[in-house]
Structures are given as C-alpha cells and as structure tokens.
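Novice: my questions concern the predicted model and sequence given below.
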Amino acid sequence: MAHLNTAHCQLLNELVMARRGHEELEWELVRYKLLYAEAMHQSADAMLSHRISTVFSWRGRPAIPPGQAAHLHAL
C-alpha cells in the first residue's frame, strides 16, 4: 500500500508540474501576443503619420510654405 501511495504522489507531482509548465507557456504566448499587438499599433501609427504628411505635401506642395519654414527654424 505504501508503494501505491508513493506512486500516486509521484503522479500528482508530475501532473502539477506539467500544468505549471503549460501555464508558463500560456503566459509567454500572451506576452508575445501583446508585444506583437504593440508593434502593429506602432506600425499603424507610423503609417498614419506618413499619410498625414503626404496629404499636407500633396501635389508637390511643401508641407510648410517656404517663407514660414525660416520663421519656424528661428523658434
């Protein structure tokens, strides 16, 4: 009977360790998904910024009129 209890305890320990390992992998997956989502948001923000600057310089017009550009550099 003692051998059976020992084997049962070992199986329970292995089960607990396996579940713990799976939980750690799940947390790593969540972490990587969050990092990926953050990178995609940063990429989208950069693309939006580029689009906005393209709109303001549409048809070859500078985003800032030449006379005002010198004024801004003085600030």
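Specialist: Noted; the coordinates are in hand.

Novice: what about the helices in the protein?
Specialist: 2-56, 66-74 (DSSP state H).

Novice: pick the most buried one from those helices.
Specialist: Among the helices of the chain, helix 2-56 has the highest mean neighbour count (mean count of other CB atoms under 10 Å), at a mean of 10. To be clear about C-beta, it is placed using only N, CA and C from the backbone, and glycine gets the same treatment.

Novice: how far is that one from where the chain is centred?
Specialist: 11 Å (CA atoms, centre = their mean, to the nearest Å).

Novice: circling back to that earlier point, let's have the helices of the chain in CSV, adding mean pLDDT.
Specialist: Supplementary listing: the helices of the chain in CSV, determined by pLDDT from 0 to 100:
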stretch, mean pLDDT
helix 2-56, 90
helix 66-74, 56
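
Novice: centroid residue for this structure?
Specialist: For the chain, the residue nearest the mean C-alpha position is Leu35 (2.2 Å; CA atoms, centre = their mean).

Novice: that'll do, ta.
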